[in-house]
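Novice: sequence and predicted structure below; questions after.
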Amino acid sequence: MPDQEGSSFFLEQSKKLISDFYNFFLKNKEKLINIKHSIISTEIEPQIEELKQEIETIANLTLTKISEQLGTNKGGWYEDPDSKEKSYVKFYKNMEQGKIEYIANEIYKKIGINCPSSSVSMVNGELGIALKEVQNTSSVNLDELRNSEDVRSGFVADAYLANWDSVGLVYDNMIKDEKGNIHRIDNGGALIFRAQGGNKEYLADDIPELKTMLDPQYSAGRVFGDTINDEEIKKQAKILVTNLSEEEIESIVKKSGLSEETAERVLSGLKGRRNFLIDRFQLDSEHLSNSHFNMEIFEKLHSQRQELKDVKLNPRVGILSDKNHIENQQIDIIDNYEKNIYKINFKLTSENYTKLVEQFNNKGGLESSMITYNFNGNDENKTELCESWQTTLNDMIIKISKGEKHGDKIGVSEGLVQIEIPQTNDKIDVNTLYQKIEEVLKELLGIDKGLKLPDAEAEKKYKEARYRWHHKLDKDAEIDKRDESKLKRAEVFPGYYTIIEKDKYKEYEQKSKFAVYHRCANIQNVSKMLKTGGLISTAERYSRGMNISGMSSSEDLRTGGADSVFTRMITEDGSKRGNLYLENSTVYFIFQPNLLDRTDWYAYNSDRYGRTDPGTFLDRQSPEEVFKKQKEEGFDSSNEQMFRRGIAVKDIKAIVCRTGSKDAILKTLKEDGVQSINNIPIDQFVIEVEDAVDFIDVTNNKIPRSKEKKEN
């Protein structure tokens, strides 16, 4: 067989093999998921999850072609036969260029510039880039482009990406939607590629396009040439650097699937050009390097509005900040969109709060007020938390907790600061919000550069302090270097970060097998918990406008326990002397054992309402003491472990109930639209047991021993 014929045959068979593989995966997806959950241990779940994310980067789309190609590249319009959603798919001769277009689109979106949503996808067995349709569009002319804020605001981004052909030779690379917004729709000529596919230089130490794309001999220059001034360029540069961190650049390039050699070249250019903008315009790189304070904050808040609307929970994101003034180095932004305000919540560390209280007591003249929780955006439906000092700064209302109400200590309010910032319009200016929060931190609280990410030294000190607190070690106690290397900051609940001690749970398992669980007496609340992202502490629910109380919410607010989700633990050693009667129609959440890797939990051997007052807190148990106590004295069903803020759905291992209750639970879940949890069908996720000791078996992927004994 001639070489050319052999090559064609090989290519054809390769495409068929890839297509067959993806079709097999789709058809057998549920079976594969079920197999996975029956044989995969928790030890390799992180690797499986990483592999899953990599597979999903190149999605398989089964689409129907409805038009021929429109440009120089093979492709056309395709339609999803089920959703009827349309995408324009390009099959580049060199697919590296398609991946470059994906990168350009993702960066535009990070900066807030309109462009199509895109994905590197396997479409009917062939790899291409799929661009979602921008509906009801029309073409634009030169005058429209020159007068459009959408177009002008993307000049620095065009230059940064070396997207020479951003407007198109005859202004055909931009379109207008029905609302008049203009979108950049053909960005394959960015970075290292020319529009027609040729290679081009992409400098890492300069952005010559800041000049050349203003030259009227080019189409871009005729749009931007006399409409952009130096002040506007600097403003755009600041927005770009603020919204696009080096970590996000790395993430976008990794997701694109570029070859290692090309990815290295692109990363060098993108990072180098970002640094060029910082140096050229003398931007404050320390502040702008905060990768959490960017347009993505508002994208997350807006997406949560719809997701959480039915459960009436206000959206929230957490921002890492400061190094030693703010508890847990985190500030929360809550989107109370029904009242058109952002609530900024955080707690000062004990030392800094004590100093502030002393300062305010001596200062006098400050207005007294109440920090309240308003439910469902209704001023009439509210509960008072604590008394506070109140002041205003520009258009902001700032409240600082006094830590008590009517003379009684309110533990959950210790150190609490709340800032209310009006949402003036729907076009969010991330820099303005940043500056407002900074202003309060500096002018009122004396925290300079409070939104700066903790530096390496501050991060190290915080990790060590958290480790000592968690294990109840003296402040001068040496920490084993092997333990120190395992300390990582992680997002353990949507928008909430803490330090985890990776794989610490395995050491606890060596002491005694265990199960961590939470009792839910009201089956109707289970689906709400799942839809809100997991189990949420009382203070978290209330601060986000959800009026659902737990078994002792009022008392928990007073003791400080309302900051946490309460769990209980049973160990194999403890089960030998102790028993728990399981109630009918009661649901128990069983958690993944690696929940104990978190270092933000504390424990008591009996029900203490999660108290955080100094006297009681000294008697809390370290993890080591929890296991020791059960070994020596047996299981006490009133023991408690408090996990701050919340426990995520992903950390729920199973839902268990007493034999005979499963059908009622499944019926309730299905009526609420819950068909699966963590990709496991609910029929398999809900498990019937006889005794609390069965919780340990469920945690360890074993058949409940009481059930096995009964069957035998």
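Specialist: Yep, that arrived.
Novice: residue 167 reaches residue 219, doesn't it?
Specialist: Yes: counting by C-beta atoms under 8 Å, residue 219 is a contact partner of residue 167 at 5.3 Å. Just so you know, the C-beta spots here come from the backbone N, C-alpha and C atoms, and that holds for glycine as well.
Novice: the two: which has the busier surroundings?
Specialist: residue 167 (27 against 21; other C-beta atoms under 10 Å).
Novice: that one should be in a strand, yeah?
Specialist: No: assigned with DSSP: H, G, I helix; E, B strand; the rest coil, residue 167 falls outside any strand and is coil.
Novice: and the gap between it and residue 233?
Specialist: For residue 167, the distance to residue 233 (C-beta to C-beta, to the nearest Å) stands at 17 Å.
Novice: what of residue 243?
Specialist: 16 Å.
Novice: same question for residue 181.
Specialist: In terms of C-beta to C-beta, residue 181 sits 22 Å off from residue 233.
Novice: and those two? which has more neighbours close in?
Specialist: More crowded of residue 181 and residue 233, by other C-beta under 10 Å: residue 233, with 19 against 14.
Novice: measure residue 503 to residue 482 for me?
Specialist: 11 Å.
Novice: those two: who's more crowded?
Specialist: residue 503 (12 against 7).
Novice: the more buried one contacts residue 485, correct?
Specialist: No: contact criterion C-beta under 8 Å: residue 503 and residue 485 do not qualify, at 11.3 Å.
Novice: look up how far residue 150 lies from residue 107.
Specialist: Going from residue 107 to residue 150 by C-beta to C-beta gives 16 Å.
Novice: next one: residue 508
Specialist: 55 Å.
Novice: also residue 640?
Specialist: According to C-beta to C-beta, residue 640 and residue 150 sit 54 Å apart.
Novice: and those two? Which one has more around it.
Specialist: Using other C-beta under 10 Å as the criterion, residue 640 and residue 150 rank with residue 640 on top: 21 against 18.
Novice: what's the more buried one in contact with, if anything?
Specialist: Residue 640 is in contact with 566-568, 603-604, 606-608, 610, counting by C-beta atoms under 8 Å, 6 or more residues apart in numbering.
Novice: buried only: go through those residues for me.
Specialist: Among the contacts of residue 640, those buried by neighbour count (16 or more other C-beta atoms under 10 Å) are 566-568, 603-604, 608, 610.
Novice: and those, which two are furthest apart?
Specialist: Using C-beta to C-beta, the buried ones among the contacts of residue 640 span at most 13.8 Å, a distance reached by 567 and 608.
Novice: need the contact partners of stretch 372-391.
Specialist: By C-beta under 8 Å, 6+ apart, the residues outside stretch 372-391 that reach it are 312, 336, 338-339, 360, 366-371, 397-406, 410, 412-413, 416, 418, 444, 542-543, 545-547, 557.
Novice: next step: the residues you listed restricted to helices.
Specialist: Counting by DSSP state H, the part of the contacts of stretch 372-391 found in helices is 360, 542-543, 557.
Novice: now those residues in a markdown table, with neighbour count, distance to residue 679 and pLDDT?
Specialist: A markdown table is the format used below for these (neighbours: other C-beta atoms under 10 Å; distance: C-beta to C-beta, whole Å; pLDDT from 0 to 100):
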| residue | neighbour count | distance to residue 679 | pLDDT |
| --- | --- | --- | --- |
| 360 | 15 | 51 | 85 |
| 542 | 24 | 31 | 94 |
| 543 | 23 | 31 | 94 |
| 557 | 24 | 36 | 93 |
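Novice: farthest pair within those residues?
Specialist: Pairwise over those, using C-beta to C-beta, the maximum falls at 360 and 542, 24.4 Å.
Novice: got the CA coordinates for stretch 317-326 in PDB?
Specialist: The C-alpha trace of stretch 317-326 is given here as PDB (Å, rounded to 0.1, in the frame of the first residue of the first chain):
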ATOM      1  CA  VAL A 317     -17.900  34.400  48.300                       C
ATOM      2  CA  GLY A 318     -14.900  34.300  50.600                       C
ATOM      3  CA  ILE A 319     -11.800  36.500  50.000                       C
ATOM      4  CA  LEU A 320      -8.400  35.600  51.500                       C
ATOM      5  CA  SER A 321      -6.900  38.700  53.100                       C
ATOM      6  CA  ASP A 322      -4.600  40.300  55.600                       C
ATOM      7  CA  LYS A 323      -2.000  38.500  57.700                       C
ATOM      8  CA  ASN A 324      -2.700  39.000  61.400                       C
ATOM      9  CA  HIS A 325      -5.800  41.200  62.000                       C
ATOM     10  CA  ILE A 326      -8.700  39.200  60.600                       C
END
